[in-house]
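> Provide a 3D model corresponding to the input given below.
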Amino acid sequence: MKSKKRMEEPFYACVQLEEMVPEDHILRKIDRWIDFSFMEEKSRGLYSNRGRPSIDPEVLLRMLVVGYLHGIISERRLCEEVHLNLAYRWFCRLTLEDRVPDHSTFSKNRHGRAGWSELIRDSFTEVVRQAIELGVVRGAHLSVDATTIKADASMDSLEPIVVELSSDEYLAKMDEESGRGGGSTGGSENDKGSRIGNETHRSRTDPDARIHRRRWKETKLAYSGNVLMDNGSRVILDVDVTEPSIHEEAETAAVMIGRSRFRLGITPETVGGDKAYGSGPAVRALIGAGVAPHVSKPEQGKHNSAGIFGKEAFTYDAERNEFICPGGNRLRRRTEHYHSRQTEYAASVKDCRACTLKRQCTRGRFRSVQRHWDIEYLERAEALRETKGYRLSQRCRKKIEHLFGESKEQMGLRRARRRGKANVLEQLLMTAMVQNMKRIVTAMERNTKPVASAAAAYKSSVFQSISSHITALWCQYRIDIENIDRMNYQIYPVLNRS
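Now for the predicted structure:
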């Protein structure tokens, strides 16, 4: 039995990192198809022309790519892994003798260097632009959705919002609260029974986070990560971080479309979304952004009892801004509901009392209907739901859920790494950029394989053709040799006798 003991071996000068990285390694594929040279030009304004030479910003970006690609959340551990892993060293352009940057360098760049967040945004945009130049992204048909990112803060960190008031304002507020019996509005209750909500409380550890709760889910502090995806390639065109609110997400969708059109030069035609983007303001914003909204219809409860005329039984008179009921009476504007963005129209009690269809129209003293302020846009969205393109967009829209699953399960997006909206946006940008790199590599490797096989087939066919031609020549040569031998066999005896 042989016993292997640890021995200090001399440094082998013949070792090359290029030979140590397998050809099918994901980092080698990313290095083959993604050009990181843009970092030098885009980060030039962030550094001074005096002082000690700094670490190459391309090295820092490559290290971040390694961390997000392999789910390494801690930057201290990332530096250790790059120090130990030869493939990571090769991808980060570090030799065996180079020293790996310290983990504090990332913190200094993130917090102490102005413009770092914008540099990450520019890097993400540059990768998307490369995908467009390579022909991976068309940008004609898009999908939009949002996912919840849990904040790095606890609900125990909530504290009431303190607003500085003058003495007169304070006395007026006290009089108002004493008149209505106190209390406040919010989303949940604490131990003392008072309501807690985003209007009344903030987290002292992460003030940018907001209280979020879904049905049958726990209440937590969270952010909303919005994603705009190209349907054909699953490449993420734009991202943004907002409050976990349907209204915020709907407005952000139009902003991302306009920003992608401006920065990337794409001309999107349609955008698919779920029922959260089917509200009036959301549809209006999407149409205003120049795209056809292929969005689901929001769920609406039944406001009428069985046997009661629905809203479709009433005719709207646009000239007089009134509704006409089935009995011929007119419903005039009564009030405006700013929260739901609807105008209420009501008939007079006298007309309803004298109407013969009152039992089929209402159980109350008079009948009222509501008209949405964005009804024209909602009707356009409703017409698009009957098209074939809408059904196709809804099928493609589900691909964005795959990206959310990948980012949360493999890249650590389920929870924010750091606190603050800017840090969460940086995390979302880096996660989306690495996902785009994987999509680009997959598409380009798939496209090059048929070319390689075709070239191999062509070489094989040429070789077979040359081989068969040589074989034919050789056979003809053998026949000629045999004929010459046969002729010599016949001629030599005659010559000998002569």
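
> Let me see the ranges of the strands in the stretch 151-300 of the chain.
Along the stretch 151-300 of the chain, counting by DSSP state E, counting those that start in this stretch, strands occupy 158-160, 188-189, 195-196, 201-203, 210-212, 220-230, 236-242, 270-273, 292-295.

> which secondary structure elements does the third one contact?
Under the contact criterion of 3 or more C-beta pairs under 8 Å, 6 or more residues apart in numbering; DSSP states H and E, strand 195-196 touches strand 188-189. Quick note: C-beta positions are derived from backbone N, CA and C, even for glycine.

> got the contact list for Leu237?
Val128, Val137, Gly139, Leu142, Leu228, Met229, Asp230, Met256, Ser260, Leu264, Ile266 (C-beta atoms under 8 Å, 6 or more residues apart in numbering).

> hmm, 7 Å instead?
With contact taken as C-beta atoms under 7 Å, 6 or more residues apart in numbering, Leu237 is in contact with Val128, Gly139, Leu142, Leu228, Met229, Asp230, Ser260, Leu264.

> try Arg359
Arg359 neighbours (C-beta under 7 Å, 6+ apart): none.

> Roughly how far does it sit from Glu426?
63 Å (C-beta to C-beta, to the nearest Å).

> Likewise for Arg121?
9 Å.

> Pick out whichever of those two has more residues nearby.
For Arg121 versus Glu426, neighbours defined as other C-beta atoms under 10 Å are more numerous around Glu426 (22 against 18).

> Need the three-state assignment for that one.
Following DSSP: H, G, I helix; E, B strand; the rest coil, Glu426 is assigned to helix.

> Verify the contact between it and Leu119 for me.
No. In this structure Glu426 lies outside contact range of Leu119 using C-beta atoms under 7 Å: 9.8 Å.

> Nearest residue to Met444 in space, please, no chain neighbours.
Of all residues not flanking Met444 in the chain, Trp33 sits nearest, at 5.0 Å (C-beta to C-beta, 6 or more residues apart in numbering).

> if I read this right, that neighbour contacts Ala443, doesn't it?
No. Under the criterion of C-beta under 7 Å, Trp33 is not in contact with Ala443, lying 9.0 Å apart.

> What residues sit buried inside stretch 288-297?
Ala289, Val291, Ala292, Pro293, His294, Val295, Ser296 (16 or more other C-beta atoms under 10 Å).

> same question for that stretch, mean pLDDT?
For stretch 288-297, the mean pLDDT works out to 89.

> Not counting its neighbours along the chain, what's nearest Gly139?
Closest to Gly139 by C-beta to C-beta, 6+ apart is Ile266, at 3.2 Å.

> Now do the same contact list for the residue nearest to Ile149 when sequence neighbours are not counted.
Of all residues not flanking Ile149 in the chain, Tyr223 sits nearest, at 4.6 Å (C-beta to C-beta, 6+ apart). Listed by C-beta under 7 Å, 6+ apart, the contact partners of Tyr223 are Ile149, Ala151, Ala209, Val241, Pro244, Ala416, Val424.

> And for Asp374?
Asp374 touches Gly280, Pro281, Val283, Arg284, Arg341, counting by C-beta under 7 Å, 6+ apart.

> Kindly indicate which of these lies nearest Gly364.
Taking C-beta to C-beta as the measure, Gly364 sits nearest to Arg341 out of the contacts of Asp374, at 23.8 Å.

> Tell me how far Lys399 lies from Arg32.
Taken as C-beta to C-beta, the span from Lys399 to Arg32 is 25 Å.

> who's more crowded, those two?
Lys399 (17 against 13).

> what number of residues lie near the closest residue to the more buried one other than its chain neighbours?
Closest residue in space to Lys399, ignoring its immediate chain neighbours: Arg234 at 5.4 Å, by C-beta to C-beta, 6+ apart. Neighbour count for Arg234, taken as other C-beta under 10 Å: 22.

> so Arg234 sits right up against Arg439, yeah?
Yes. The criterion here is C-beta under 7 Å, and Arg234 meets it with Arg439 at 5.4 Å.

> just to revisit the earlier point, tell me the contacts of the residue nearest to Lys399?
Here Arg234 is in contact with Lys399, Leu403, Arg439 (C-beta under 7 Å, 6+ apart).

> and of the residues you listed, the nearest to Asn321?
Closest approach to Asn321 among the contacts of Arg234 (C-beta to C-beta): Lys399, at 43.7 Å.

> Now that closest one: phi and psi?
Main-chain dihedrals, Lys399, degrees, to the nearest 10: phi -60, psi -30.

> Roughly how far does it sit from Ala422?
Lys399 is 29 Å from Ala422, by C-beta to C-beta.

> Would you mind giving me the confidence score for the closest residue to Gly45 other than its chain neighbours?
Spatially, and ignoring its direct neighbours in sequence, Gly45 is nearest to Gly115 (7.1 Å; C-beta to C-beta, 6+ apart). Model confidence at Gly115, given as pLDDT, is 76.

> do you know how far Gly115 is from Leu46?
5 Å.

> What of His339?
His339 is 45 Å from Leu46, by C-beta to C-beta.

> same question, Ile375
50 Å.

> Give the other helices and strands that the helix or strand Glu19 falls within contacts.
Secondary structure from DSSP states H and E places Glu19 in helix 17-20. Judged by 3 or more C-beta pairs under 7 Å, 6 or more residues apart in numbering; DSSP states H and E, helix 17-20 is in contact with helix 86-91.

> Output the helix or strand that comes right after the helix it packs on in PDB, but only the C-alpha positions, please.
Per DSSP H and E, the first helix or strand lying C-terminal to helix 86-91 is helix 104-112. The C-alpha atoms that make up helix 104-112 are tabulated as PDB, following Å, rounded to 0.1, in the frame of the first residue of the first chain:
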ATOM      1  CA  SER A 104     -13.900  45.800  -0.100                       C
ATOM      2  CA  THR A 105     -13.200  47.000  -3.600                       C
ATOM      3  CA  PHE A 106     -16.800  46.200  -4.700                       C
ATOM      4  CA  SER A 107     -18.200  48.100  -1.700                       C
ATOM      5  CA  LYS A 108     -15.900  51.100  -2.500                       C
ATOM      6  CA  ASN A 109     -17.100  51.200  -6.100                       C
ATOM      7  CA  ARG A 110     -20.800  50.700  -5.100                       C
ATOM      8  CA  HIS A 111     -21.000  53.300  -2.400                       C
ATOM      9  CA  GLY A 112     -18.000  55.600  -2.800                       C
END
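
> Which residue would you name as the spatial centre of the protein?
Val227 (3.0 Å; C-alpha atoms, centre = their mean).

> I'd like to know how far it sits from Leu429.
For Val227 relative to Leu429 (C-beta to C-beta), the value is 11 Å.

> Spell out which residues are contacts of both of these two.
With C-beta under 7 Å, 6+ apart, Val227 and Leu429 have common neighbours Val239.

> Among the contacts of Leu237, which one has the most neighbours?
Most crowded among the contacts of Leu237, counting by other C-beta under 10 Å, is Leu142 at 30 neighbours.

> Count the residues that sit near the residue lying closest to it once chain neighbours are set aside.
Spatial nearest neighbour of Leu142, excluding adjacent residues (C-beta to C-beta, 6+ apart): Val271 at 4.6 Å. As a burial measure, Val271 scores 27 neighbours (other C-beta under 10 Å).

> With the one 3 residues further on instead?
Asp274 is flanked by 18 other residues according to other C-beta under 10 Å.

> and what of Thr125?
Neighbours of Thr125 under the rule other C-beta under 10 Å: 20.
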